[in-house]
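**Student:** Need coordinates for the following:
(chains A and B)
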Amino acid sequence: MSKDMSYAAVMARKNEIMKKAIGIDYSTFESGSISFDYERMMRETGYTLEEIQQIQADTSVGNTPIIELKNLTALARKLAPKGKGARIFIKDEAANPSGSFKARRAATAVYHAKKLGYKGVVTATSGNYGAAVASQAAKRGLKCIVVQECYDSRMVGQPEILEKQRACEAYGAEVVQLSVGPELFYTFLTLLEETGYFNASLYTPFGIAGVETLGYEIAMQFRVTIGRDPDKVVITHAGGGNVTGTARGLLKAGAKDVEIVGASVDLSGLHMASDRDFNRKSFTTGHTGFGIPFATWPDRADVPRNAARPLRYLDRYVLVKQGEVFYITEALSVLEGLERGPAGNTSLTAAFALAQEMDKDQIIVVQETEYTGAGKHPLPQLTFAKQNGIEILFGNPDRDEPGKNIILPAHPSDIKVRDYDIDKARTSYIKNCINNYKVTEITKEDFEFLVKDAKTNDSFVEGILAELNVKIK
Amino acid sequence: MISAKKGDWVQIRQIVLKPEERAPQVPEDTKKVPLELWVKGIAQEDAKIGSMIEIITATGRKVKGELIAVNPRYVHDYGNFVPELLKVDMQLKEILFGGDINE
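**Tutor:** Numbering: from 1, shown residues only, chains lettered A, B, ... in the order given. Okay, here's the model as predicted:
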């Protein structure tokens, strides 16, 4: 008998399909309510740092160089108060085989798929991760399907996503492209079911553990070259894996005092599932449309329990504007001789502003770059924005309206960070836990989990529970 | 009329969900249009643009859909020249290095 392939029937088989496609029985880490054993999940289903270093070395992933941005630092010092202006460094993750840090995540996922005997991998992503999985699958001899949200209903594609399609196809993958909408997940499930391939999700323990080497390398490289750990590491934040993996790697290196700063492009006002808004944004990731939802409800991902839990690790979360990132992308090119991005340039923009708050002898690190090229570069992005009716202006970036205009700073001193209130994100996360699990009382274990998962204290969680009339058993 | 020969590299289109079948959480503008899918592969028969065709994809899957392109080209590029970016470049060099850039 053939299976019912209707939307409702396939979605109802979600858990069964995922169990076969990931090979993790998440129920063994569950408590039966809100809490689950995160560290045990990371330990038992992931790999040790040493194993991951070996897996990544096998396919030439990782050990990317650190570059000091001396001219950008000099520019920041010109604008900063006397004595301020930290040294700015970037980790050149573009040196990875597929041109971004995502190779680290893909390396472990594809290795794991091969070890478990899967013939191929499927991944749902419009980002660099698709090219990373395709590249790793090519090296390991597995088949690869990348499912991407690409076009609006006019079949007009965001140039950056079109470039990612090309890259995936260049690495030999099949690319399944979809128009805008969350039902991409339905197509993804049907492909997993049809092929029996591995779900190379961004959010499995081994995917996240793959990023730990990035944080670990930063600590080791700075200890060798400068003699100490950096003061701040800035991480472009979208789905949370970049923040989680990097921070965990720093902690594994014993770099406990490094401030972890997340940065996203502010795209507030644009609806991520809107056919109209889809091509009115100039950033396809690293923006608030992913950053805030994934921070406040990580378990929205394509696995039952997301290994990327950004609130556990973020000390600070800052927003920058589209126009500021384009400006800094140009600065990286004309002042440092490096054409990179867009992804890492979001955190670089934040670092440029944050360096001006810091003392001269301090160190701020941007932990990624990505390859640039046709579709990704500011020229095609701003051309595309203009074609979609977006105005390109000079002025105060704070006045920008995503989807209507992009405001390039009139002067680099107009570039700044806007702090997103992390307590607001923590509150939303805790409320989402209570609402999604539909509980009126929680266990002591749940309470402790919430304190840890939101990186807060007992009284903060107690306050929210009291507001919601939720009791602790 | 463009047509594909058996063995050509082609792109096809499918309607995955009709507008009335779309998920409830989808915004209004997205609900008015179908969920479409595009995929490339090797044509298994001769066909004209707009007609149904079966292909075999890069992973060996057989998929049917409407033929929309033969040897589809990549359409993304470096875009037009954007004068605003030149202005940024000149400003940055002026602030940091000062003086006449032609010196």
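**Student:** And the strands in chain B?
**Tutor:** For chain B, applying DSSP state E gives strands covering B:3-4, B:9-17, B:35-43, B:47-48, B:52-56, B:62-70.
**Student:** Could you name the helices and strands sitting against the first one?
**Tutor:** Read that as strand B:3-4. For strand B:3-4, the elements it packs on are strand B:47-48, strand B:62-70, judged by 3 or more Cβ pairs under 8 Å, 6 or more residues apart in numbering or on different chains; DSSP states H and E. The way it works is simple: take the backbone N, C-alpha and C, and place the C-beta from them, glycine included.
**Student:** Quick check: closest non-adjacent residue to the residue in chain B positioned nearest to chain A.
**Tutor:** As assessed by Cβ to the nearest Cβ, chain A sits closest to B:Gly79 within chain B, at 3.0 Å. Spatial nearest neighbour of B:Gly79, excluding adjacent residues (Cβ to Cβ, 6 or more residues apart in numbering or on different chains): A:Thr383 at 3.0 Å.
**Student:** Which element, helix or strand, includes that neighbour?
**Tutor:** Assessed by DSSP states H and E, A:Thr383 sits inside helix A:378-387.
**Student:** So which elements touch that helix?
**Tutor:** Under the contact criterion of 3+ Cβ pairs under 8 Å, 6+ apart, helix A:378-387 touches helix A:159-170, helix A:322-336, strand A:391-395, helix B:83-97.
**Student:** So which of the ones you listed is nearest A:Ile260?
**Tutor:** Closest to A:Ile260 of the helices and strands packed on helix A:378-387, according to Cβ to Cβ: helix A:322-336, at 20.2 Å.
**Student:** tell me which strands and helices that closest one is in contact with?
**Tutor:** Short answer (3+ Cβ pairs under 8 Å, 6+ apart): helix A:322-336 packs on helix A:70-79, helix A:343-355, helix A:378-387, strand A:405-409, helix B:83-97.
**Student:** ranking the ones you listed by burial, who's on top?
**Tutor:** Among the helices and strands packed on helix A:322-336, judged by mean count of other Cβ atoms under 10 Å in any protein chain shown, the one packed with the most neighbours on average is helix A:343-355 (a mean of 31).
**Student:** Averaged pLDDT, that helix. What do you get?
**Tutor:** The average pLDDT within helix A:343-355 is 97.
**Student:** Also stretch A:109-118?
**Tutor:** 96.
**Student:** Quickly check: it near chain B or not.
**Tutor:** No. If you take Cβ under 8 Å from any Cβ of the partner chain as the test, stretch A:109-118 misses chain B, and the best it gets is 12.4 Å.
**Student:** Report the distance from that stretch to the chain centre.
**Tutor:** 23 Å (Cα atoms, centre = their mean, to the nearest Å).
**Student:** which residues touch the residue lying closest to A:Leu214 once chain neighbours are set aside?
**Tutor:** Setting aside the residues directly before and after it, A:Leu214 is nearest to A:Thr246 in space (Cβ to Cβ, 6+ apart), at 5.3 Å. The neighbours of A:Thr246, taking Cβ atoms under 8 Å, 6 or more residues apart in numbering or on different chains as the test, are A:211-212, A:214-215, A:218, A:233, A:235, A:260, A:367.
**Student:** redo that, cut-off 6 Å
**Tutor:** With contact set as Cβ atoms under 6 Å, 6 or more residues apart in numbering or on different chains, A:Thr246 has these partners: A:211, A:214-215, A:235, A:367.
**Student:** quick one: which of the residues you listed is nearest to B:Lys18?
**Tutor:** Nearest to B:Lys18 among these is A:Val211, at 39.8 Å by Cβ to Cβ.
**Student:** isn't the closest one right up against A:Thr244?
**Tutor:** No. Judged on Cβ atoms under 6 Å, A:Val211 makes no contact with A:Thr244 at a distance of 7.2 Å.
**Student:** What residues does chain B have near chain A?
**Tutor:** Contact residues, chain B versus chain A (Cβ under 6 Å from any Cβ of the partner chain): B:16-17, B:23, B:26-27, B:29-30, B:33, B:35-39, B:57-59, B:74, B:76-80, B:82, B:84-85, B:88-89, B:92, B:96.
**Student:** and the stretch 201-350 of chain A, which residues reach chain B?
**Tutor:** A:271, A:273-276, A:327, A:330-331, A:334-335.
**Student:** Out of those, who's the most crowded?
**Tutor:** Counting neighbours by other Cβ atoms under 10 Å in any protein chain shown, A:Tyr327 leads those with 31 neighbours.
**Student:** Am I right that it is in contact with A:Pro409?
**Tutor:** Yes. Here A:Tyr327 lies in contact with A:Pro409, judged by Cβ under 6 Å, at a distance of 5.3 Å.
**Student:** could you pull out the helices for the stretch 151-300 of chain A?
**Tutor:** Assigned by DSSP state H, counting those that start in this stretch, the stretch 151-300 of chain A shows helices spanning A:159-170, A:184-195, A:205-225, A:241-252, A:288-296.
**Student:** Next, the buried residues of the third one.
**Tutor:** Of the residues in helix A:205-225, those buried under the neighbour-count criterion (16 or more other Cβ atoms under 10 Å in any protein chain shown) are A:205-222.
**Student:** quick one on the thing from earlier: could you provide the helices and strands packed on helix A:322-336 in JSON lines, with additional columns for distance to A:Asp302?
**Tutor:** What follows is the helices and strands packed on helix A:322-336, written out as JSON lines (distance: least, Cβ to Cβ, whole Å):
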{"stretch": "helix A:70-79", "distance to A:Asp302": "37"}
{"stretch": "helix A:343-355", "distance to A:Asp302": "21"}
{"stretch": "helix A:378-387", "distance to A:Asp302": "28"}
{"stretch": "strand A:405-409", "distance to A:Asp302": "31"}
{"stretch": "helix B:83-97", "distance to A:Asp302": "37"}
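**Student:** A:Asn63 is nearest to which of those?
**Tutor:** helix A:343-355 (17.2 Å).
**Student:** one step back: out of the helices and strands packed on helix A:322-336, the one nearest B:Ser51 is which?
**Tutor:** Nearest to B:Ser51 among the helices and strands packed on helix A:322-336 is helix A:378-387 (31.1 Å), distances taken as Cβ to Cβ.
**Student:** got the angle between the closest one and helix B:83-97?
**Tutor:** 140 degrees (axes from the mean of the first three to the mean of the last three Cα atoms, to 10 degrees).
**Student:** In contact with the residue lying closest to A:Asp275 once chain neighbours are set aside, which residues are there?
**Tutor:** Leaving aside its sequence neighbours, A:Asp275 sits nearest to B:Thr30 (Cβ to Cβ, 6+ apart; 4.5 Å). By Cβ under 6 Å, 6+ apart, the contact set of B:Thr30 is A:180-181, A:273-275.
**Student:** can you list the residues you listed in JSON lines and add pLDDT?
**Tutor:** Converted to JSON lines, the contacts of B:Thr30 look like this (pLDDT from 0 to 100):
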{"residue": "A:Val180", "pLDDT": "95"}
{"residue": "A:Gly181", "pLDDT": "93"}
{"residue": "A:Ala273", "pLDDT": "87"}
{"residue": "A:Ser274", "pLDDT": "92"}
{"residue": "A:Asp275", "pLDDT": "91"}
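**Student:** now check the top strand by length along chain A, is it near chain B?
**Tutor:** Looking across chain A with DSSP E, the single longest strand is strand A:143-151. Yes. On the criterion Cβ under 6 Å from any Cβ, strand A:143-151 is in touch with chain B at A:143, A:145.
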